[in-house]
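Student: What follows is a predicted structure for the sequence shown.
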Amino acid sequence: MTHFSRTSFRVAGTLLTGAVLCGTAACTASGGRTAASGSINATPVAAVQKAVNKGAKLNSVSYWLSGRIPGQGTVDGKVSFSIRPRAIDMRMKASGGKEEGEFSVRLVGDTVYLGGGGKAAAAMDGKHWIKFAMKGKGAGGLGGMQRQADQDPAAQASLLPQSDDVKKVGEETVDGVRTTHYAGVVEVADLLNKRAAKSALDAERRKKVIEQYRQLGVSKLNLDMWVGPGDRTVKFRERAQAAQGPLDVTIRFFDVNKPVTVQAPPASDTVDLAQKLKEAGKRLG
């Protein structure tokens, strides 16, 4: 149990970080029937800001994720994310890093369920899932994961318009959709001193997300956004050097504002971390 728990916390923290960092544009995507995008002829900053403002009102999104996560090598997977109710369903495969294999993370309210496949079952008497609370004393040293789960994808996406060099790279077709590719670089340390453009996001949300990047050790962000018809973000790429290594992840959206239903795994197949710690404390006492 001890080895799996330690390993699981690292993987869960990394994957949750990936979900929200790589979901930087998660709430900038938008769906529905639309006419041709008017952003093709807009200035780069205005076009990107328009996509950010529109996306900030979304409640849920699903996307494919691939790339490199700090400290964990390469990852590929699928993520569904909902703000209200708060829920995450992640199915990831990691390779070339400290932890390899397939992992699943489900966030239901304030409870995280981490699944590690056959390797996890071998370490937990045949059970495939471990659960723990994201709040309260039972969370123990999981406060960082609490912060990660509380990150704000829309606020993260709003940083691109703050770049001093947002530019139109060109027109490209992504997954069969005609898009305009925009890119920019932002210095995290400078963001707090800049006045944000008028948007659907308040100053407190923006300040919080900047501080989260600083805590990760990110000083410079390279952001790319591919905007399609109706100011819909079709693809997003984020590159940065974090304290634990390089971040270089691309996400492609396929569903927006559709219900995200995440069910807890069967109790019979789940280890309750709080209960195990309580039992261990009694033995030691």
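Tutor: The structure has been received and is ready for your questions.
Student: what number of residues lie near L191?
Tutor: Residue neighbour count, defined by other Cβ atoms under 10 Å, stands at 20 for L191. From N, CA and C alone the C-beta is placed, and that goes for glycine too.
Student: Next up, phi/psi of it, please.
Tutor: phi -70, psi -40 (degrees, to the nearest 10).
Student: My understanding was that it contacts Q162; is that so?
Tutor: Yes - between L191 and Q162 there is a contact under Cβ atoms under 8 Å: 6.0 Å.
Student: For W129, list the residues it contacts.
Tutor: W129 makes contact with 113-115, 120, 265, 269-271, according to Cβ atoms under 8 Å, 6 or more residues apart in numbering.
Student: That one bridge partners, please.
Tutor: G115, T270 (DSSP bridges).
Student: Going forward, count from 692.
Tutor: OK, 692 is where the count begins now, so the last one is W820.
Student: count of residues packed around G919?
Tutor: Using other Cβ under 10 Å: G919 sits among 24 other residues.
Student: Give the helix, strand or coil label for F945.
Tutor: strand (DSSP: H, G, I helix; E, B strand; the rest coil).
Student: which stretches of the stretch 742-891 of the chain have low pLDDT?
Tutor: 790, 810-811, 826-845, 847, 886-891 (pLDDT under 70).
Student: now the helices for it?
Tutor: In the stretch 742-891 of the chain, the segments counted as helices under DSSP state H, counting those that start in this stretch are 808-814, 834-840, 844-848, 879-882.
Student: Need the contact partners of the last one.
Tutor: So the one you mean is helix 879-882. Contacts to helix 879-882, defined as Cβ under 8 Å, 6+ apart, come from residues 850, 853, 897, 901, 904-905, 909-912.
Student: Name only those of the residues you listed that count as buried.
Tutor: 850, 853, 897, 901, 904, 909-910, 912 (16 or more other Cβ atoms under 10 Å).
Student: Mind picking the two most distant members of the residues you listed?
Tutor: Spatially, the most separated pair among these is R897 and S910, at 17.5 Å (Cβ to Cβ).
Student: What sits closest to T870 if chain neighbours are left out?
Tutor: W917 (4.1 Å; Cβ to Cβ, 6 or more residues apart in numbering).
Student: avg pLDDT for the helix or strand hosting the one you found?
Tutor: Counting by DSSP states H and E, the element that carries W917 is strand 911-919. Averaging pLDDT along strand 911-919 yields 91.
Student: CA atoms of it as PDB?
Tutor: The C-alpha trace of strand 911-919 is given here as PDB (Å, rounded to 0.1, in the frame of the first residue of the first chain):
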ATOM      1  CA  LYS A 911       7.800  32.300 -19.600                       C
ATOM      2  CA  LEU A 912       4.800  30.900 -21.500                       C
ATOM      3  CA  ASN A 913       4.700  30.200 -25.200                       C
ATOM      4  CA  LEU A 914       1.100  30.000 -26.300                       C
ATOM      5  CA  ASP A 915      -0.500  29.000 -29.600                       C
ATOM      6  CA  MET A 916      -4.200  29.100 -30.400                       C
ATOM      7  CA  TRP A 917      -6.000  27.900 -33.500                       C
ATOM      8  CA  VAL A 918      -9.300  29.700 -33.800                       C
ATOM      9  CA  GLY A 919     -12.000  28.400 -36.200                       C
END
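Student: Going by contacts, tell me the helices and strands next to it.
Tutor: helix 735-746, strand 858-865, strand 868-878, strand 923-933 (3 or more Cβ pairs under 8 Å, 6 or more residues apart in numbering; DSSP states H and E).
Student: looking at these, which is closest to V770?
Tutor: strand 923-933 (12.4 Å).
Student: Just the CA trace of that closest one, in CSV.
Tutor: Output of strand 923-933 as CSV, limited to C-alpha atoms (Å, rounded to 0.1, in the frame of the first residue of the first chain):
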residue,chain,number,x,y,z
ARG,A,923,-14.2,28.5,-31.6
THR,A,924,-10.8,27.3,-30.3
VAL,A,925,-10.1,24.1,-32.2
LYS,A,926,-6.5,23.5,-31.0
PHE,A,927,-4.2,24.9,-28.3
ARG,A,928,-0.5,24.4,-27.6
GLU,A,929,1.3,25.5,-24.4
ARG,A,930,5.1,25.4,-23.9
ALA,A,931,7.1,26.4,-20.8
GLN,A,932,10.0,25.4,-18.6
ALA,A,933,8.7,24.5,-15.2
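Student: what's that strand packed up against?
Tutor: helix 735-746, strand 868-878, strand 911-919, strand 936-947.
Student: Quick one, which of these gets closest to G762.
Tutor: Closest among the helices and strands packed on strand 923-933, once you apply Cβ to Cβ, is strand 936-947, at 5.4 Å.
Student: Appreciated, that's everything.
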